[in-house]
Structures are given as structure tokens and as C-alpha cells.
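K.L.:
I need the structure of the sequence given here:
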Amino acid sequence: MRLDIVTIFPEIFDFIKDIGVVGRAYRNKKWELNTWNPRDFTDNKNRRVDDSPYGGGPGMVISAESLENTVNSIKDRHKLYKLDEAPVILFSPIGDIFNQSHALRLSKLSGMILVCGRYEGVDKRFVNNCVTQEISIGDFILSGGEIAALALIDTIVRLLPNVLGNNNSKVYESFDINKSGLLDDYPYTRPRNFKGKKVPEILLSGNHNDIAKWHREQSLTITLARRPDLIIKARNQGLLSEDDERFISNINSYNIL
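P.N.:
Residues are numbered from 1 along each chain as shown. Modelled structure (predicted):
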């Protein structure tokens, strides 16, 4: 997978190529990272890419010219190497909220162009001319799209084939659609007894069916307590079994939470 990042702070992305699972995948050539600074693609002699907004208001706006020139240069490079057409994704507070379903879809692409906004935003004409999709990572304000891009990269790269040491790891995780989109319960490891707190006996039993049932019930419990909206979503999608519904009903009846 080829990722092209449009940012006025390309140095932010240096560390992700060296750290953890994503860094290992980069060294193993599972994905490629290229950064493009719009300052290099503007006719402004001062390499300025921002200006004050028409109509007044606070802050500065990144120009359509600098961003469109950058994206066009990236696309020219793609054509030179006969690469597939890549979607142009802009990180924006008004974009679609990014989730695991988005990540799964994007992880199947051969590449994408990620545009990191800054200041008060980008000129709408760039959005209209070039942007395929706008994405937000949550209902909060960041200084720019770089942190959002890093989050997206980490999420997507770990879904690429043979990136995780155990391919089952990406199936049994919170929000994965193969697991009904529920939150994970907490895991345990050695020692069995830590400051008087013991590992639940069921996890030491060796009975895989009972352990799986216990994990499912723990997952249902924590999801109902912290993200009941995910329970409703799973129910609407027909992803909860009769046993799941019975367990949830018992939790509500006895006010366990």
C-alpha cells in the first residue's frame, strides 16, 4: 500500500516508520510513505500557503491552489508508475466519523492520498475539485490533520495481510465487525496472584468453550455499561444471539452494572 501525505509538517511522520508493528511493516515493505509539502507547490515567492478568509473571521485558510497543485503532482507520479487511482481523503471536523468499518474498507486499497488540514480549514474549492472523502476522528478540535492521519495509518496498516504476527488478533478486537462490534473485556497474564487479586478460575480451566462463553459475557457487560449504543447497533444488525439477549436481560433485571 502506498500512502501519500499532504502536510506542511512532514517531519511529524518520521517516527511512525520506526516504531512497533507499523514500523516493522514499513521495513518489510508492506506499505510505503511519501510526504508532500504544499509549500513546494505554490507560486508564492514566500512559499506561503495560507491567507485570510473572504468575508472576515478569525484565523487563516489554506489556499486551493497550493493543495490542488500538490495533489495533481502526486497523481502525475502515480500515473508515471502506473498506479491505481487513489482516493483523496481530507481530515476535517465536519467529515464522517472514522471507525473500524472505514478502516477495513481502506485497508483493501492499493493506496490513498491523505490531506492534513490546518488553521481554520481549507478553501472549499479544493474540496469540490479534488477531495473524495472527508474524515474526522472524533468530536474534538486538533491543531491539524496530522495526528488524525497518524491514527488512520496505524489503524489501516495493522489490517494489511501478514502484518500482525497472529492474523487472528485483528479479528478478536473491539469494534471488529466479525465480533459483533462489541468492546473487548480486559485480559490477564502472569502472575496468577497479584497483590491478592487472582486471575479468574475459568481462564485456568482449559475448557475452551466455557472460556469463550465467559469472554463473550464479559464483553457484553462492559459494552452495555460503557457503549450501550454498540449493543443497539449489534442488535439492529442481527449480530446478537439468543444467549446474548438472555444475558443482557439478566443484567438489566438484577441491576448488575
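
K.L.:
so how far is the strand ranked longest in the chain off the chain centroid?
P.N.:
Assignment by DSSP state E gives strand 88-97 as the longest strand of the chain. Offset of strand 88-97 from its chain centre (CA atoms, centre = their mean, to the nearest Å): 12 Å.

K.L.:
Could you list the paired strands of that strand along with their orientation?
P.N.:
When pairs are called by DSSP bridges, strand 88-97 turns out to pair with strand 111-116 (parallel), strand 133-136 (parallel).

K.L.:
quick one: the helices in the protein?
P.N.:
20-27, 64-80, 100-106, 124-130, 146-157, 208-226, 228-236, 242-254 (DSSP state H).

K.L.:
Single out the most deeply packed of those.
P.N.:
With neighbours taken as mean count of other CB atoms under 10 Å, those reach their highest mean count in helix 146-157, at a mean of 20. For every residue, glycine as well, the C-beta is placed using N, CA and C.

K.L.:
Output that one as CSV, nothing but the C-alphas.
P.N.:
Output of helix 146-157 as CSV, limited to C-alpha atoms (Å, rounded to 0.1, in the frame of the first residue of the first chain):
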residue,chain,number,x,y,z
GLU,A,146,-1.5,15.2,11.1
ILE,A,147,-2.5,13.4,14.3
ALA,A,148,-5.7,12.2,12.7
ALA,A,149,-3.6,10.9,9.7
LEU,A,150,-1.2,9.0,12.1
ALA,A,151,-4.3,7.4,13.8
LEU,A,152,-5.6,6.3,10.4
ILE,A,153,-2.3,4.9,9.3
ASP,A,154,-1.8,2.9,12.4
THR,A,155,-5.4,1.5,12.1
ILE,A,156,-5.1,0.6,8.5
VAL,A,157,-1.5,-0.8,8.3
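
K.L.:
okay, which residue is most central for the protein?
P.N.:
Against the mean C-alpha coordinate of the chain, by CA atoms, centre = their mean, the closest residue is Leu152 at 3.5 Å.

K.L.:
That one contacts Ser136, doesn't it?
P.N.:
No. Using CB atoms under 8 Å, Leu152 makes no contact with Ser136, being 10.8 Å away.

K.L.:
Give me the common contacts of these two.
P.N.:
91, 98 (CB atoms under 8 Å, 6 or more residues apart in numbering).

K.L.:
Point out where the stretch 51-200 of the chain drops to low pLDDT.
P.N.:
166-179 (pLDDT under 70).

K.L.:
Reformat the strands paired with strand 88-97 as a markdown table; add mean neighbour count and distance to Thr35.
P.N.:
Converted to a markdown table, the strands paired with strand 88-97 look like this (neighbours: other CB atoms under 10 Å; distance: least, CB to CB, whole Å):
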| stretch | mean neighbour count | distance to Thr35 |
| --- | --- | --- |
| strand 111-116 | 24 | 10 |
| strand 133-136 | 17 | 18 |
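
K.L.:
how about those strands, which one is nearest Leu182?
P.N.:
strand 133-136 (23.1 Å; CB to CB).

K.L.:
Tell me how the chain divides into domains.
P.N.:
Domain assignment for the chain, taken from automatic domain parsing, gives 2-157, 176-254.

K.L.:
Adding distance to Val163, write these out as TSV.
P.N.:
Compiled in TSV, the domains of the chain are given as follows (distance: least, CB to CB, whole Å):
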stretch	distance to Val163
domain 2-157	5
domain 176-254	15
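
K.L.:
per-residue pLDDT, Lys45?
P.N.:
Looking at Lys45, its pLDDT is 83.

K.L.:
Backbone dihedrals for it, please?
P.N.:
Lys45 has phi and psi values of phi -60, psi -20 when expressed as degrees, to the nearest 10.

K.L.:
ok, now which residue in this structure is the farthest from the centroid?
P.N.:
Gly196 (37.7 Å).

K.L.:
Next up, the contacts around Leu67.
P.N.:
By CB under 8 Å, 6+ apart, the neighbours of Leu67 are 6, 38, 49, 115, 122-123, 126, 130.
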